[in-house]
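Asker: Have a look; sequence and predicted model below, questions after that.
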Amino acid sequence: MIEVSHLSKTFGAFRALNDVSLRIPDGKLVALLGPSGSGKTTLLRILAGLDHADSGHVHLNGLNAANLQTRDRRVGFVFQHYALFRHMSVAENVAFGLKVRKGANKLTKAEIADRVARLLDLVHLSGLAPRYPSQLSGGQRQRVALARALAVEPRLLLLDEPFGALDAQVRKDLRRWLRQLHDDMGLTSVFVTHDQEEALELADEVVVMSKGRIEQIGSPADIYDNPASPFVFQFLGNANRLDATIRDGIAHVAHWRTAATGLADGKGIAFIRPHEIDIDPHGRDATIRHHVVLGPTVRLDLRLDGDVHAEAVIDRDSHARLRLEPGQQVGLTARRIVVFAQD
Amino acid sequence: MNRDPLLIRWLLIALAIGFLLLFLALPLAAVLTEALRKGVLAYWHSLGGDDTLASIRLTLIVAAIAVPLNMVFGLTASWAIAKFDFAGKAWLVSLIDLPFSVSPVISGLIYVLLFGAQGILGPWLIAHDLKIIFAIPGIVLATLFVTFPFVARELIPLMEEQGRDEEEAALTLGAGGFRTFWAVTLPNVKWGLLYGVLLCNARAMGEFGAVSVVSGHIRGLTNTMPLHVEILYNEYDFVGAFAVASLLALLALVTLVAKTALAWWHRAELGATAGH
């Protein structure tokens, strides 16, 4: 169990973390999700002891981390650019954490070699033990970095943008594999990402961060379905952002009306996801300006009354069936509209 | 690509080669001809003179003290500057560059003002029977000062380019600070370090100005090779002067070849700093 309470950190005039509190239960795979500059990497580095907070506390399994050096925290850290030791072979990289052990925990050479062989087997790199980092592909380096971090049997695995520098296919495979590894080894893991898809697919729990604050914590389904703020809504996937006027508990958004219970009269912001808009070829709510085929779906760029722009995404079959053409007028039904008060 | 007319290209190349011949090859040839003017025997004989041997010995001693010390100073300074953040870092960097911007004669003079008989610490040194100026310690100090930037200047950009990730990785894997330095930082800069040491050594053996001020030119005692060349030359012992000079020129050539070889074989590890 990791407990973070009221953590703040500034770099010069920049507030990287602003009163952040968080609990990470054992065995969970948690994503810290946010744009760059949101403080997610700073939080990760503070957990590892590589940075120190200006105020607030971190407790690792009940122990105050302030009294623990990085090397005593038993934390596995996978760096964004892997930080492999460039002058050491793959096997030497993985063995490093075992070789530096002292005292009663010291392992014999045979024990180290045995453990390294098993770890390389685990990350499917057995044949590459004598290679050097510069001779590996991005995905292979990533797995060496992971094997090296796992060698010290960490209680907590921290990963900084673990898939950031990889191409799409490798990224997908590694994601699935990491999830499997996390479950098989019974780890507690925290990874940083700016990719909402990655966070939603991989994590048990997603922590959305912005400007040094936590915006929302919840399961992937929960934060996708019930975003707590305009920021979270926009950050988790595409959304049409429209102006709304709230009067007597009703929000007026373009030609739609929707309940806005609990919101004060005045201006508001409404969000509609593009795939939650239905198209009626006989209506006259909007004009199709443009359509773009994106694999199995089609994106329609629409102009609503008052020169408001919106996007709708429908599947290819419906698009063909409805015979939609640019310039045509269509009716729009929004299956879900989420309204926030203007901040 | 290259659209200069052929004639201009050849002219520029000829100019560059002509310049090199005039200012590098010709003097080198002159040194060797003058040294061997009276034959190989005279050359060997003049190199075997007691004072000459003493000056060679002294130069080697000074370099043997100054170079390792500056290697350690340069390594620790660049390690601190590249891997840590602290107040006054920019100031420290410009301080390291100071010996490059100060005339060596001035730096020698400062040691005289500090440690000389009329200097600030002079009376105390005399009272304790310590000799620094006009003695080996003064020569070592002056050489240390003048050659201080070579290793640090080589390593700071290299270490900064390599970043701190690998050191941080070592820390998370359980290594202490000392272990991290030995096992991660040092191997990553070993060729850069050797490169810096090579340049440092060449300058330590060839330094004239600063050493000239503090040495006192006592034959057989405080004359380094460059100072000895001057004395022999002033005494019209041309063969002797050029014989010693030929050794210094040889040192320069060996350094140049070693430096080029290092830069060629390890240009990846030397990073952005190689080849200047």
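Answerer: Received, thanks.
Asker: Other residues contacting the helix ranked longest in chain A?
Answerer: Longest helix in chain A by number of residues (criterion: DSSP state H): helix A:168-185. For helix A:168-185, contacts defined as CB atoms under 8 Å, 6 or more residues apart in numbering or on different chains pick out A:29, A:122, A:138-139, A:142-143, A:146, A:150, A:157, A:159, A:162-163, A:166, A:187, A:189, A:198, A:201-202. C-beta coordinates here come from the backbone N, C-alpha and C atoms, glycine included.
Asker: Show me those residues that map onto helices.
Answerer: Filtering the contacts of helix A:168-185 for helices - DSSP H - leaves A:Leu122, A:Gly138, A:Gly139, A:Gln142, A:Arg143, A:Leu146, A:Leu150, A:Glu198, A:Glu201, A:Leu202.
Asker: Pop the domain breakdown of chain B in here.
Answerer: By the record's domain assignment, chain B is partitioned as B:1-35, B:39-269 (automatic domain parsing).
Asker: how deep is the residue nearest to A:Val4 when sequence neighbours are not counted tucked in, by neighbour count?
Answerer: Nearest in space to A:Val4, with sequence neighbours left out and distances taken as CB to CB, 6 or more residues apart in numbering or on different chains, is A:Leu22 at 4.3 Å. By the criterion of other CB atoms under 10 Å in any protein chain shown, A:Leu22 has 20 neighbours.
Asker: which stretches of the stretch 201-343 of chain A form strands?
Answerer: In the stretch 201-343 of chain A, the strands defined using DSSP state E, counting those that start in this stretch lie at A:205-210, A:213-218, A:240-247, A:250-253, A:256-259, A:266-272, A:277-280, A:286-294, A:297-304, A:308-315, A:329-334, A:338-341.
Asker: now for those strands, which one comes closest to chain B?
Answerer: With CB to the nearest CB as the measure, strand A:205-210 is the member of those nearest chain B (21.3 Å).
Asker: Pairing partners for the closest one, with directions?
Answerer: Strand A:205-210 sits in its sheet next to strand A:29-33 (parallel), strand A:213-218 (antiparallel), going by DSSP bridges.
Asker: now stretch A:275-288: mean pLDDT?
Answerer: For stretch A:275-288, mean pLDDT rounds to 90.
Asker: returning to that earlier point: could the domains of chain B be laid out in TSV, adding mean pLDDT, mean neighbour count and distance to chain A?
Answerer: Output for those, formatted as TSV (pLDDT from 0 to 100; neighbours: other CB atoms under 10 Å in any protein chain shown; distance: least, CB to the nearest CB, whole Å):
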stretch	mean pLDDT	mean neighbour count	distance to chain A
domain B:1-35	85	11	31
domain B:39-269	87	18	4
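Asker: Next, the angle from the longest helix of chain A to strand A:29-33.
Answerer: Interaxial angle of helix A:168-185 relative to strand A:29-33 (axes from the mean of the first three to the mean of the last three CA atoms, to 10 degrees): 140 degrees.
Asker: Just the CA atoms of helix A:168-185, as PDB, please.
Answerer: Presented in PDB, the C-alpha positions along helix A:168-185 are these (Å, rounded to 0.1, in the frame of the first residue of the first chain):
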ATOM      1  CA  ALA A 168       2.200   1.200 -32.700                       C
ATOM      2  CA  GLN A 169       2.400  -2.600 -33.200                       C
ATOM      3  CA  VAL A 170       5.200  -3.200 -30.700                       C
ATOM      4  CA  ARG A 171       3.400  -0.900 -28.200                       C
ATOM      5  CA  LYS A 172       0.200  -3.000 -28.400                       C
ATOM      6  CA  ASP A 173       2.100  -6.300 -27.900                       C
ATOM      7  CA  LEU A 174       4.100  -4.900 -25.000                       C
ATOM      8  CA  ARG A 175       1.100  -3.500 -23.300                       C
ATOM      9  CA  ARG A 176      -0.700  -6.800 -23.300                       C
ATOM     10  CA  TRP A 177       2.500  -8.600 -22.200                       C
ATOM     11  CA  LEU A 178       3.100  -6.100 -19.300                       C
ATOM     12  CA  ARG A 179      -0.500  -6.600 -18.000                       C
ATOM     13  CA  GLN A 180       0.100 -10.300 -18.000                       C
ATOM     14  CA  LEU A 181       3.500  -9.900 -16.200                       C
ATOM     15  CA  HIS A 182       2.000  -7.600 -13.600                       C
ATOM     16  CA  ASP A 183      -0.800 -10.200 -12.800                       C
ATOM     17  CA  ASP A 184       1.600 -13.200 -12.900                       C
ATOM     18  CA  MET A 185       4.200 -11.700 -10.600                       C
END
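Asker: and residue 258, what does it touch?
Answerer: With no chain named, the answer covers chain A. Per CB under 8 Å, 6+ apart, neighbours of A:Thr258: A:Ile250, A:Ala251, A:Ala270, A:Ala334, A:Ile337, A:Val339.
Asker: The intended chain is chain B.
Answerer: B:Ala258 neighbours (CB under 8 Å, 6+ apart): B:Leu198.
Asker: Then A:Glu198?
Answerer: Neighbouring residues of A:Glu198 by CB under 8 Å, 6+ apart: A:Ala31, A:Phe163, A:Arg171, A:Arg175.
Asker: And the pLDDT for the first one?
Answerer: At A:Ala31, the predicted lDDT confidence score is 95.
Asker: average pLDDT across stretch A:333-343?
Answerer: Across stretch A:333-343, pLDDT averages out at 87.
Asker: Contacts for that stretch, please.
Answerer: In this structure, residues lying in contact with stretch A:333-343 by CB under 8 Å, 6+ apart are A:227, A:229-230, A:233, A:244, A:246, A:251, A:253, A:256, A:258, A:260, A:263-264, A:266-273, A:276-278, A:280.
Asker: Next: stretch A:206-222.
Answerer: With CB under 8 Å, 6+ apart as the test, stretch A:206-222 has contacts from A:15-22, A:30-35, A:37-40, A:43, A:199-201, A:203-205, A:223, A:226-229, A:231-232, A:235-236.
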